[in-house]
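[1] Build me a model from this:
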Amino acid sequence: MSKRNIFFIIVILILVLGLVFWIFFLPNNAETGESNLSIKDFFPFGKSTDTETNTPTVNTNEENLPEVEQGLPKLRKISENPISGFINFETNGENFVRFVDRATGHIWEASTEFKGAQRLTNTTVAQTQESIWASKNAVFLRYLREDEETIETVLLRILPPGSSDNLVFSFDNDLKLGDNSADVLNLQIVLNKDEETRVSDTGIGSTGQETTYFGTKTETAVKKFQSKYAEEILTPQELIESTGIVDELTRNKLNEITGANSKIETVDEDSNLYETILTFLPSDIKQLVFLDKLQKIFFLQEDRLGSVGTLAEIDGNIKTQIFDSPAREWGVNSGSGDFITLATKTSNSYLGVLYQLNKNGNSEKILGNLNGLSGLTNYDTTKILYSNTSGDFALKILDRSTNEVTNVFLQTLPEKCVWSQKEPAIYCAVPKIISLSKYPDDWYQGTFSPSDLIWKINTDTGESDLITDNSQFDGIDAINPTLNSNEQYLFFTNKKDYSLWSLRLFESAPDVAEEEVATTTTEQI
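    Numbers count the residues shown, from 1 in each chain. Okay, here's the model as predicted:
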């Protein structure tokens, strides 16, 4: 080899070695604050495994900030642990859901826009089997006593710390004709809540026009109140006639009605948890519904003669019996407007009857003499969705104005459906496969739990559209479906494990992507 060729080879080797040294040993010019681009980036083996300098950092001290999610999944599991009931509501344009932990009775809250959930209360009501919400701040918790026979019901109200002092009226002093005070105003407000003890039906002293003056109308109303609760007010004093004076026993009854004698659970002032007020209702309530329009409750109890139905204030006071029957196993399927829907026990083996009951105790038979009858009334009580096992088991819609029946041809139970308030439609969870020989008894008893699909049904035509596919709802037996106010979300409980779920029916923005079912955070129950 000539000296010239050797010289060129040495020069090339020196250049290659210099280039390699520059690539792998000199600092990346990104460290100087200039461009992040390095020649290493042009070679796969030269890429750095270190964190990129433009990666955003997370401030781990901001533990209370919610985790913002871009494109939460269409179908989302909100709670891992079993729940006993939930309510959804909207605040400042954002959708929330509050739910009760089945094991502890603690109340949690989640947003439809963020992962995870936040605990709101620390008041424990163990083994809560059912929760019936009256509002986002009031819920009835139903549980079994330790004897596992007696059903207890407690009204739990939640409120921000420090706000409980003015929540209820407390009567501490005697009141009589001629008095003028704020206590008299509160007295008239309480008396006006009951039709039997109203101060006045119209004008001064009527609802919304209460005064601070204790006049003859107020005295008459107090006498009516004392007569209504004579066994607690007059009999212990050996009185035959009402006095019209708010004495100690009258005050005790008034304080019981207002909730002033309720148990108040408080928390530390620096806690983010809510205060709670507990009011216990009568024992052994078999069924209970909240009537939104009336702002009252209706509940069923049993005695030696059969069943008794009572209409009452939310705290269980100012009660009026509006229903009685020698039959025992009645179910309160729904409360719509001023009406309550009552039905006999749903069973494949028994003929069922469905009634509509109004606040005055007047009842009307709607459907009857059908095996396995179950029904769900819409919000204005003009239509009823029902199913039965007599003949073809499938959903049907009864138009009460025309008495016409529309067949839906989907095999499910009305309690797995919810009526839309924005369009003539219902949303139903429909089992993929069911065994009609023992349905629905085996489903109620928990020996059969199918996987569902969600269908949307036009209640005018009976036409059905499938909302979900097989993969989305595999392993979900949906119960208690509820739509939010703008009907963008469908919330429901999975009967298999009583977990809470949401299904987004349409997108609020076109760029929201569908993902895998989200896992819950460690803060979630």
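[2] tell me the domain ranges of the protein?
    Structural domains assigned to the chain are 3-46, 182-258, following automatic domain parsing.
[3] Now tell me which of the ones you listed the model trusts least on average.
    Lowest mean pLDDT within the domains of the chain: domain 3-46, at a mean of 48.
[4] in stretch 399-409, what's buried?
    If you call a residue buried by 16 or more other CB atoms under 10 Å, then stretch 399-409 has these buried ones: 406, 408. Where you see a C-beta, it was placed from the backbone N, CA and C, and this is true even at glycine.
[5] quick one: contacts of it?
    With contacts defined as CB atoms under 8 Å, 6 or more residues apart in numbering, stretch 399-409 is touched by 366, 381-384, 394-398, 457, 459-462, 464.
[6] what stretches of the stretch 251-400 of the chain score poorly on pLDDT?
    For the stretch 251-400 of the chain, applying pLDDT under 70 flags the ranges 261-271, 334-337.
[7] mind listing the strands for it?
    Assignment of strands within the stretch 251-400 of the chain using DSSP state E, counting those that start in this stretch yields the ranges 263-265, 275-280, 287-291, 296-303, 306-312, 320-325, 330-336, 339-344, 351-358, 363-371, 374-377, 383-387, 396-399.
[8] so which of those strands comes closest to Asn92?
    When the strands of the stretch 251-400 of the chain are compared for distance to Asn92 using CB to CB, the nearest one is strand 275-280, at 22.8 Å.
[9] Which neighbours in the sheet does the closest one have, and how are they oriented?
    Each strand pairing with strand 275-280, determined using DSSP bridges, is listed with its direction: strand 151-159 (antiparallel), strand 263-265 (antiparallel).
[10] May I have the distance across stretch 340-348, first residue to last?
    With CA to CA, to the nearest Å as the measure, stretch 340-348 spans 24 Å from end to end.
[11] Quick one: residues contacting Asn480.
    The neighbours of Asn480, taking CB under 8 Å, 6+ apart as the test, are 85-86, 415, 492-493.
[12] Do you have the helices of the stretch 1-150 of the chain handy? List them.
    Secondary structure of the stretch 1-150 of the chain (DSSP state H, counting those that start in this stretch): helices at 3-24.
[13] cool, the stretch 151-300 of the chain as well?
    Going by DSSP H, counting those that start in this stretch, the stretch 151-300 of the chain shows helices at 182-192, 216-228, 230-233, 248-258.
[14] Please state the offset of stretch 306-326 from the chain centre?
    For stretch 306-326, the gap between its own C-alpha mean and the chain's C-alpha mean amounts to 24 Å (CA atoms, centre = their mean, to the nearest Å).
[15] list the buried ones in it?
    Residues of stretch 306-326 classed as buried by neighbour count (16+ other CB under 10 Å): 307-318, 322-323, 325.
[16] quick one: contacts of it?
    With CB under 8 Å, 6+ apart as the test, stretch 306-326 has contacts from 134, 138, 155, 193-194, 256-257, 259, 262, 279, 281-282, 286, 290, 294-302, 305, 327-328, 330, 340, 342, 357, 359-361, 363.
[17] Next, the distance between the ends of it.
    Using CA to CA, the gap from the first to the last residue of stretch 306-326 comes to 4 Å.
[18] rewinding a little: turn the strands paired with strand 275-280 into CSV, including mean neighbour count and distance to Thr218.
    Compiled in CSV, those are given as follows (neighbours: other CB atoms under 10 Å; distance: least, CB to CB, whole Å):
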stretch, mean neighbour count, distance to Thr218
strand 151-159, 20, 28
strand 263-265, 15, 29
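[19] just so I know, which of these lies nearest Ala230?
    strand 151-159 (26.0 Å).
[20] wouldn't Asn122 be in contact with Thr104 here?
    No - Asn122 sits out of contact with Thr104 when judged by CB atoms under 8 Å, with a separation of 9.1 Å.
[21] okay, and the common contacts of the two?
    When CB under 8 Å, 6+ apart defines a contact, no residue borders Asn122 and Thr104 alike.
[22] just the strands in the stretch 101-250 of the chain please.
    Counting by DSSP E, counting those that start in this stretch, the stretch 101-250 of the chain forms strands over residues 107-111, 118-119, 128-135, 138-144, 151-159, given from the N-terminal end onward.
[23] lowest-confidence stretch among these?
    Among the strands of the stretch 101-250 of the chain, strand 151-159 carries the lowest mean pLDDT, at a mean of 88.
[24] quick one: contacts of that strand?
    Residues outside strand 151-159 that contact it (CB under 8 Å, 6+ apart): 105, 107, 120-121, 123, 125, 134, 137-145, 167, 274-286, 288, 299, 314-316.
[25] Same question for stretch 458-468.
    Applying CB under 8 Å, 6+ apart, the set of residues contacting stretch 458-468 from outside is 75, 378, 383, 385, 397, 406-410, 419, 424-427, 453-457, 503, 505.
[26] Just the buried residues of that stretch, please?
    Going by neighbour count (16+ other CB under 10 Å), the buried part of stretch 458-468 is 458-459, 462, 464, 467-468.
[27] and the least confident of those?
    Within the set of those, pLDDT is lowest for Gly462 (82).
[28] Distance check, that residue against Leu453.
    17 Å (CB to CB, to the nearest Å).
[29] now Phe298
    Remark: distance between Phe298 and Leu453 (CB to CB) = 33 Å.
[30] Give the PyMOL command for selecting the buried subset of the contacts of stretch 458-468.
    For anyone working in PyMOL, the buried entries among these, judged by 16+ other CB under 10 Å, can be selected with:
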select buried, resi 75+378+383+385+397+406+408+410+419+425+426+427+453+454+455+456+457+503+505
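[31] In helices, which of the contacts of stretch 458-468 fall?
    Judged by DSSP state H, helices contain none of these.
[32] Next up, the contacts around Asp194.
    Asp194 makes contact with 225, 228, 318 under the criterion CB under 8 Å, 6+ apart.
[33] With adjacent residues omitted, what lies nearest to the first one?
    For Phe225, the nearest residue in space outside its immediate sequence neighbours is Thr197; the separation is 4.5 Å by CB to CB, 6 or more residues apart in numbering.
[34] unless I'm mixing things up, that neighbour is touching Ala221, no?
    Yes - checked against CB under 8 Å, the pair Thr197 and Ala221 is within contact range at 5.2 Å.
[35] Would you mind listing where the stretch 401-525 of the chain has pLDDT under the threshold?
    Across the stretch 401-525 of the chain, the stretches falling below the confidence threshold (pLDDT under 70) are 508-525.
[36] now the strands: where do they sit in it?
    In order along the chain, the stretch 401-525 of the chain carries the following strands (DSSP E, counting those that start in this stretch): 404-407, 417-419, 425-431, 452-458, 464-466, 478-483, 489-494, 499-504.
[37] and the ones you listed as a markdown table, adding distance to Asn186?
    Written out in a markdown table, the entries for the strands of the stretch 401-525 of the chain read as follows (distance: least, CB to CB, whole Å):
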| stretch | distance to Asn186 |
| --- | --- |
| strand 404-407 | 51 |
| strand 417-419 | 39 |
| strand 425-431 | 44 |
| strand 452-458 | 49 |
| strand 464-466 | 53 |
| strand 478-483 | 36 |
| strand 489-494 | 38 |
| strand 499-504 | 39 |
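[38] of all those, which lies closest to Thr243?
    strand 478-483 (49.1 Å).
[39] Partner strands of the closest one and their direction?
    As assigned by DSSP bridges, strand 478-483 forms pairs with strand 489-494 (antiparallel).
[40] Quick one: work out the angle between the strand it pairs with and strand 425-431.
    With axes from the mean of the first three to the mean of the last three CA atoms, to 10 degrees applied, the angle from strand 489-494 to strand 425-431 works out at 30 degrees.
[41] contact partners of strand 489-494?
    Contacts made with strand 489-494 from outside it, assessed by CB under 8 Å, 6+ apart, are listed as 83, 86, 88, 95, 97, 112, 418, 427, 429, 454, 475-484, 499-505.
[42] What pLDDT is listed against Gln70?
    Confidence at Gln70, expressed as pLDDT, is 50.
[43] thinking again about what came up before, can you put the strands of the stretch 251-400 of the chain in a markdown table and add distance to Phe171?
    Converted to a markdown table, these look like this (distance: least, CB to CB, whole Å):
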| stretch | distance to Phe171 |
| --- | --- |
| strand 263-265 | 17 |
| strand 275-280 | 17 |
| strand 287-291 | 27 |
| strand 296-303 | 22 |
| strand 306-312 | 20 |
| strand 320-325 | 23 |
| strand 330-336 | 31 |
| strand 339-344 | 32 |
| strand 351-358 | 33 |
| strand 363-371 | 37 |
| strand 374-377 | 40 |
| strand 383-387 | 45 |
| strand 396-399 | 49 |
